[in-house]
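Undergrad: Fold the following for me, if possible:
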Amino acid sequence: MMRSITWDPVRDLAPVAMGTMAPHVILGAPNLPANSLSEFIAYARANPGRVNFASSGNGSIQHIAGEVLSRAIGAPMVHVPYRGAAPALQDVAGGRVEIFITTPSSAIALVQAGRVKALAMASATRSPGLPEVPTTAEAGLPGFTMDAWFAFFAPAGVPAPILERLNTEFRRLALDPSIRRRAEEGGVTTAAMTIPELDARARREIESLGAVIRGANIVLD
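TA: All right, here's what the predicted structure looks like:
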């Protein structure tokens, strides 16, 4: 008889340090009848259930981001999953899907060529690669951010002094100018968080994004 195993990240893992943050940008198709985030919101509200958003697959960060955006603007949208970000971005550039929320590094060339519209950065700060694109707060949608983040965790029960030592070293590296520069060249930023700060962020997002996942019945492929 098989027994199901429930894994609880809050119970089973101990936060060590934040690694990198990957901001996301809200991209629109070239034929989207909106050239700014506020215009898109008005368009989506006027066409409930008729606007499509792409993702790299069911359960992906882009899928969750689209559902969060839909709830934030109060307009239902239709999810169109792809097998990866590249074909999703290709169909947005081709005008077959209206919206895609993804990391800017994969879309900078398309934005600069006018093949997709960058409506807003779903982050607290603008992107060095797209400095002219406003943040969601600047564009009229405060509170909507979608930063993918990568952190270091240890098994629960690792002694606190070891965790603190590791955190100190990781924060030192995160503040190193050469490491920060290399991270930015790859489209991400480093973050020097303390253990309580990382723990609070993880718990907050498990709760908030978990509610979206359950509410939209999101499952992995």
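
Undergrad: immediately after the host helix or strand of residue 53, which helix or strand?
TA: Per DSSP states H and E, residue 53 falls inside strand 52-55. On the C-terminal side of strand 52-55, the nearest following helix or strand under DSSP H and E is helix 61-73.

Undergrad: The helix or strand that comes right after that next one: which residues count as buried?
TA: Under the assignment DSSP H and E, the closest C-terminal helix or strand after helix 61-73 is strand 78-81. Neighbour counts over strand 78-81 (16 or more other C-beta atoms under 10 Å) mark 79, 80 as buried. Backbone N, C-alpha and C define where each C-beta goes, glycine included.

Undergrad: ok so, going back, list of residues touching the strand holding residue 53?
TA: The contact list for strand 52-55 (C-beta atoms under 8 Å, 6 or more residues apart in numbering) reads 62-63, 65-66, 69-70, 77-82, 88-89, 91-92, 97-101.

Undergrad: can you check stretch 167-181 too?
TA: Against stretch 167-181 from outside (C-beta under 8 Å, 6+ apart): 16, 17, 18, 19, 152, 189, 190, 191, 192, 193, 194, 195.

Undergrad: With pLDDT and distance to residue 123 added, can I get the residues you listed in TSV?
TA: TSV is the format used below for these (pLDDT from 0 to 100; distance: C-beta to C-beta, whole Å):
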residue	pLDDT	distance to residue 123
16	94	24
17	95	20
18	94	15
19	92	16
152	95	22
189	88	9
190	92	14
191	91	12
192	94	17
193	95	16
194	96	21
195	95	23
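
Undergrad: Save those as TSV, and put in distance to residue 141 and neighbour count too.
TA: As requested, the contacts of stretch 167-181 are arranged in TSV below (distance: C-beta to C-beta, whole Å; neighbours: other C-beta atoms under 10 Å):
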residue	distance to residue 141	neighbour count
16	33	21
17	30	24
18	25	24
19	27	18
152	31	14
189	21	19
190	26	21
191	23	22
192	28	16
193	25	22
194	29	15
195	31	19
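
Undergrad: longest single helix anywhere in the protein?
TA: helix 195-215 (DSSP state H).

Undergrad: ok so, going back, looking at the contacts of stretch 167-181, which one is closest to residue 41?
TA: residue 189 (26.9 Å; C-beta to C-beta).

Undergrad: who's in contact with that closest one?
TA: 20, 21, 23, 180, 183.

Undergrad: Max pairwise distance over the residues you listed: which two?
TA: 23 and 180 (14.5 Å).

Undergrad: who's more crowded, the two?
TA: Using other C-beta atoms under 10 Å, the more surrounded residue of residue 23 and residue 180 is residue 23, with 26 against 17.

Undergrad: thinking the more buried one is in contact with residue 127, fair?
TA: Yes. In this structure residue 23 lies within contact range of residue 127 using C-beta atoms under 8 Å: 5.8 Å.

Undergrad: Right, I'll leave it there.
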